[in-house]
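**Student:** no sequence on this one, just coordinates:
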């Protein structure tokens, strides 16, 4: 079978080159290629692509910044794929870490400078038999659900369509429009949904007010999905147990922001998917899609321009 010509830009790492050639592709110039693997952000992306390009693979899983450019409008006949799902396991591990740290009162333990068994014990919980709502049961959400299952959590999965998530531990799947039903009957919430205009401030004052004093809110999606001011108020008032945030609004989180000083806030600097892990995972994702493209099979992580992700 003839190798499929694939362009790689703007960088040329050996790992990606090997991923392309090992999956049935051959490196080619843009004018001679059928597809483009773009391993960077929107800056520097060609204003116009040649007519021979049928498919473009983007580097990131969250592509909201691409919707701030005219790229998709300029190339309506080209299939774009994101890296959605490529980094799912790594980000799921990070979200579980944040959730467990909160439920087991790790911030208090780390801050303690004396043996305070009785005081700390009141704030220690368990994920066993706890209801955890996963908002955005896509790649990351599904990976997280598989990690929660051995811990005995009861998971409410929320996705756009409401199509059943058939995984151990899932007790219910709800479509996104029924999300308002979950706040008053869940113990904890993990936000893993894409950032779109429709998901901005998905978690706000009204939603936080319905959670329990022991509830933890984990956000590993994008900072815009949570109303930061409302979250700070809830954390200060103790109306929720705490928040574990790998993403914030604003981001980077400025020095002196209240979230840095609140004892029930865990903030990590958007490093759930660090470069040394992301590069390898993206190469694996590229290899899978190049193989599918060469064989005429459906590609994974197709961008739905109408839906915004």
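**Tutor:** It's in. Values in this document were obtained by computation on a predicted structure and should not be read as measured data. Residues are numbered from 1 along each chain as shown.

**Student:** just the helices in the stretch 51-200 of the chain please.
**Tutor:** Counting by DSSP state H, counting those that start in this stretch, the segments of the stretch 51-200 of the chain that form helices are 71-74, 88-103, 106-111, 117-121, 139-148.

**Student:** got TSV for the ones you listed, with distance to residue 194 too?
**Tutor:** Backbone N, C-alpha and C define where each C-beta goes, glycine included. Output for the helices of the stretch 51-200 of the chain, formatted as TSV (distance: least, C-beta to C-beta, whole Å):
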stretch	distance to residue 194
helix 71-74	15
helix 88-103	13
helix 106-111	29
helix 117-121	37
helix 139-148	10
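
**Student:** Now for residue 46, how many residues are close by?
**Tutor:** Neighbour count for residue 46, taken as other C-beta atoms under 10 Å: 16.

**Student:** Quick check: it is in a strand.
**Tutor:** No: counting by DSSP: H, G, I helix; E, B strand; the rest coil, residue 46 is not found in a strand; it is coil.

**Student:** How about the contacts made by the residue lying closest to it once chain neighbours are set aside?
**Tutor:** Once flanking residues are discounted, residue 46 sits nearest to residue 30: 7.5 Å by C-beta to C-beta, 6 or more residues apart in numbering. By C-beta atoms under 8 Å, 6 or more residues apart in numbering, the residues touching residue 30 are 7, 9, 36, 46, 49, 50, 53.

**Student:** quick revisit: worst mean pLDDT among the helices of the stretch 51-200 of the chain?
**Tutor:** Least confidently modelled of the helices of the stretch 51-200 of the chain is helix 117-121, at a mean of 72 by mean pLDDT.

**Student:** can you pull the buried residues of that helix?
**Tutor:** When burial is assessed from 16 or more other C-beta atoms under 10 Å, helix 117-121 yields no buried residues.

**Student:** Quick one: distance of it to the chain centre.
**Tutor:** With C-alpha atoms, centre = their mean, to the nearest Å as the basis, helix 117-121 stands 34 Å off its chain's centre.

**Student:** Repeat that for stretch 84-96.
**Tutor:** 7 Å.

**Student:** Packing partners of the longest helix along the chain?
**Tutor:** Longest helix in the chain, counting residues (DSSP state H): helix 275-295. Helix 275-295 makes packing contacts with strand 4-9, helix 14-22, strand 25-27, strand 35-38, strand 55-57, helix 88-103 when contacts are defined by 3 or more C-beta pairs under 8 Å, 6 or more residues apart in numbering; DSSP states H and E.

**Student:** quick one: the first one to helix 14-22, angle?
**Tutor:** In other words, strand 4-9. If you take axes from the mean of the first three to the mean of the last three C-alpha atoms, to 10 degrees, strand 4-9 sits at 170 degrees to helix 14-22.

**Student:** relative to helix 275-295, how tilted is strand 4-9?
**Tutor:** Going by the same axes, to 10 degrees, strand 4-9 makes 150 degrees with helix 275-295.

**Student:** Pull out the buried positions in strand 4-9.
**Tutor:** Buried residues in strand 4-9, counting neighbours by 16+ other C-beta under 10 Å, are found at 4, 5, 6, 7, 8, 9.

**Student:** Give me the below-cutoff pLDDT ranges for this protein.
**Tutor:** 1 (pLDDT under 70).

**Student:** separation between the spatially most central residue of it and residue 106?
**Tutor:** Compute the mean C-alpha point of the chain, and by C-alpha atoms, centre = their mean the closest residue is residue 221, 4.2 Å away. Applying C-beta to C-beta, to the nearest Å, the value for residue 221 to residue 106 is 22 Å.

**Student:** do the same with residue 98
**Tutor:** Looking at residue 98 against residue 106, where the rule is C-beta to C-beta, the gap reads 9 Å.

**Student:** neighbour count winner among those two?
**Tutor:** More neighbours surround residue 98 than the other of residue 98 and residue 106, with 25 against 16 (other C-beta under 10 Å).

**Student:** what's the more buried one in contact with, if anything?
**Tutor:** So residue 98 contacts 216, 218, 220, 244, 245, 246, 266, 268 (C-beta under 8 Å, 6+ apart).
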